[in-house]
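1. Sequence and predicted structure are below.
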Amino acid sequence: MDILTYRVLHQIGIIVLFTGLGAALALARAPKGRGIALAIHGIGLLMVLVAGFGLLAKARAGEWEGWIIAKVGIWLLVACLPAFARKGIVPVALAWVLGFALGGTAVWLAVMKPF
Ligand code: HEM
């Protein structure tokens, strides 16, 4: 696949991921009905990761820079947020703010590449 396809897939994946995250957090305390939200969150995670590695290969010649490692860490935290909110490890209100902050930081890292 060419780089533009990976860019489009990465960005669609981000939209799918954060749509699913929002639904999963809204339903974090609900007794049931979270399955579809978690499925959308999971599909988005997979799209972001696969297209992210595609971009890494095509745009950066597979070279790991600090900001890419940081984005993988952010990806992991975003992956865990619904479970953390569900189990009360992170209060749901804080999980919303963390979702915005982590997503925003990932975008900032991708654009600024500060390290
Ligand atoms: C929540 C997670 C993530 C968000 C919100 C995010 C966001 C973004 C954004 C907005 C861009 C700019 C896209 C463009 O210029 O077309 C980008 C590029 C990129 N992302 Fe991600 N990303 C995330 C996770 C990842 C992960 C896990 C990887 C793993 C390898 C990754 C690797 C890359 C690479 C290599 C680029 C290309 C940057 C360039 O060469 O200009 N991203 N990301």
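-> Thanks, I have the structure now. Numbers count the residues shown, from 1 in each chain.
2. Near the ligand, which residues of the chain are found?
-> 7, 10, 14, 48-49, 52-53, 55-56, 59-60, 68, 71-72, 74-75, 78, 103, 106-107, 110 (CB under 6 Å from any ligand atom). (Each C-beta comes from the backbone N, C-alpha and C, glycine too.)
3. For ChimeraX, what selects the buried ones among those?
-> Typed into ChimeraX, the next command selects the buried ones out of those (criterion: 16 or more other CB atoms under 10 Å):
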select :10,14,48,49,52,55,56,68,71,74,75,78,103,106
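4. Show me what residue of the protein gets nearest to the ligand.
-> Residue of the chain nearest the ligand, by CB to the nearest ligand atom: Gly52 (2.7 Å).
5. which strands and helices sit next to the host helix or strand of that residue?
-> Secondary structure from DSSP states H and E places Gly52 in helix 35-59. Packing contacts for helix 35-59, counted by 3 or more CB pairs under 8 Å, 6 or more residues apart in numbering; DSSP states H and E, involve helix 3-26, helix 66-87.
6. Give the buried residues for the longest one.
-> Of the residues in helix 3-26, 6, 9-10, 13-14, 16-18, 20-21, 23-25 count as buried by neighbour count, 16+ other CB under 10 Å.
7. Since that was my last question, I'll sign off now.
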